[in-house]
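**Q** No letters, just coordinates:
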């Protein structure tokens with residue numbers, strides 16, 4: 001009897017396992033169906049409306065101004081951050097060129113590399129944004145100066161305001177270029193998660209900063225990059241945004 005009971009028990013276990021898999025599949029399908037219904041309902045109530053040219057211009061002005069303001073704060077206390085802004089700041093401590101000019105020069109290879117995959121409209125907007133950032137960063141020293149800024153505040157405020165600027169640009173189908181464009185390109189062409197690519201790029205930038213900055217500055221630069229990434233992770237939610 002014990003010998004004949006074993007196959008029956010095995011068959012029962014297999015049946016239960018198959019049923020559990022089936023139940024799980026049904027649950028996942030139900031979740032997807034509900035999400036689709038919610039999205040369809042939201043689209044029906046709040047249909048996506050394209051941004052006007054005036055809205056795009058205003059968003060670009062705000063976004064570029066925020067990025068430049070954040071860069072000025074970080075530069076005033078000798079810090080860097082993530083993304084192309086961080087690269088430009090880091091290089092500015094090594095060569096006698098303005099941050100705005102470096103921002104544009106560093107972006108050129110990224111833009112040329114990603115242009116075919118990212119689309120003409122997106123890349124033209126990105127080029128316009130880069131020219132605006134270069135111009136504003138060049139004019140910034142003549143418009144205002146900073147002194148006596150607390151380094152911790154500069155790290156938090158600078159990183160946060162840069163993130164808000166990039167967010168404003170992203171909402172209007174533009175970008176600040178650089179590593180962000182590279183991350184989007186790899187996600188679109190190779191399926192590599194853009195967030196992971198951006199984190200890797202930021203890690204490399206911050207690691208390189210140790211060769212130029214002291215340990216305190218490097219630590220605060222990490223804080224700045226975390227603040228910038230926090231804005232993007234917390235507020236860049238395309239599924240909740242209906243503008244185009």
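**A** Thanks, I have it. This structure is a prediction, so every number in the text was calculated from the model and none was measured.

**Q** For the rest of this, base every contact and every neighbour count on C-alpha atoms.
**A** Fine.

**Q** Poorly predicted segments of the protein, please.
**A** Where the chain drops to pLDDT under 70, the residues are 1-21, 30-49, 117, 235-244.

**Q** okay but residue 137 is in contact with residue 102, surely?
**A** No - in this structure, residue 137 is not within contact of residue 102 by C-alpha atoms under 8 Å, at 10.2 Å.

**Q** Looking at the two, which one has more neighbours?
**A** For residue 137 versus residue 102, neighbours defined as other C-alpha atoms under 10 Å are more numerous around residue 137 (23 against 20).

**Q** Next one: the more buried one from residue 143, what distance?
**A** According to C-alpha to C-alpha, to the nearest Å, residue 137 and residue 143 sit 10 Å apart.

**Q** With residue 205 instead?
**A** Counting by C-alpha to C-alpha, the gap from residue 205 to residue 143 is 29 Å.

**Q** So between these two, which is more surrounded?
**A** Shown here are residue 205 and residue 143; by other C-alpha under 10 Å, residue 205 has more neighbours (22 against 8).

**Q** Can you show me the helices along the chain?
**A** For the chain, helices defined by DSSP state H occupy the ranges 2-45, 53-76, 83-92, 99-118, 120-143, 151-170, 179-190, 194-209, 215-235.

**Q** Give me the number of neighbouring residues for residue 28.
**A** Residue 28 has 12 neighbouring residues, counting by other C-alpha under 10 Å.

**Q** try residue 197
**A** Residues within reach of residue 197, counting by other C-alpha under 10 Å, total 18.

**Q** so what's it up against?
**A** Counting by C-alpha atoms under 8 Å, 6 or more residues apart in numbering, residue 197 touches residue 183.

**Q** I figured residue 133 hits residue 98, correct?
**A** No - the pair residue 133 / residue 98 is not scored as a contact, 11.7 Å apart, by C-alpha under 8 Å.

**Q** Between those two, which is the more surrounded one?
**A** residue 133 (26 against 16).

**Q** wait, doesn't residue 87 sit right on residue 206?
**A** No - with contacts counted by C-alpha under 8 Å, residue 87 stays clear of residue 206, the gap being 9.1 Å.

**Q** shared neighbours of the two, which are they?
**A** Each of 80-81 lies in contact with both residue 87 and residue 206 under the rule C-alpha under 8 Å, 6+ apart.

**Q** Residue nearest the middle of this protein, spatially speaking?
**A** By C-alpha atoms, centre = their mean, the chain has its centre lying nearest to residue 232, at 5.4 Å.

**Q** what about residue 211, distance to residue 64?
**A** Distance, residue 211 to residue 64, using C-alpha to C-alpha: 29 Å.

**Q** Look at these two and report which has more neighbours.
**A** Set side by side, residue 211 and residue 64 show more neighbours around residue 64, with 29 against 11, by other C-alpha under 10 Å.

**Q** How about the more buried one, nearest residue that isn't a chain neighbour?
**A** Leaving out its chain neighbours, the residue that sits closest to residue 64 by C-alpha to C-alpha, 6 or more residues apart in numbering is residue 133, at 5.5 Å.

**Q** Next: residue 83.
**A** residue 179 (5.6 Å).

**Q** Thought residue 110 was touching that neighbour, still the case?
**A** Yes - taking C-alpha under 8 Å as the definition, residue 179 is a contact partner of residue 110 at 7.4 Å.

**Q** out of these two, which sits in the more crowded spot?
**A** residue 179 (24 against 18).

**Q** Please report the distance of the more buried one from residue 93.
**A** Residue 179 sits 20 Å away from residue 93, going by C-alpha to C-alpha.
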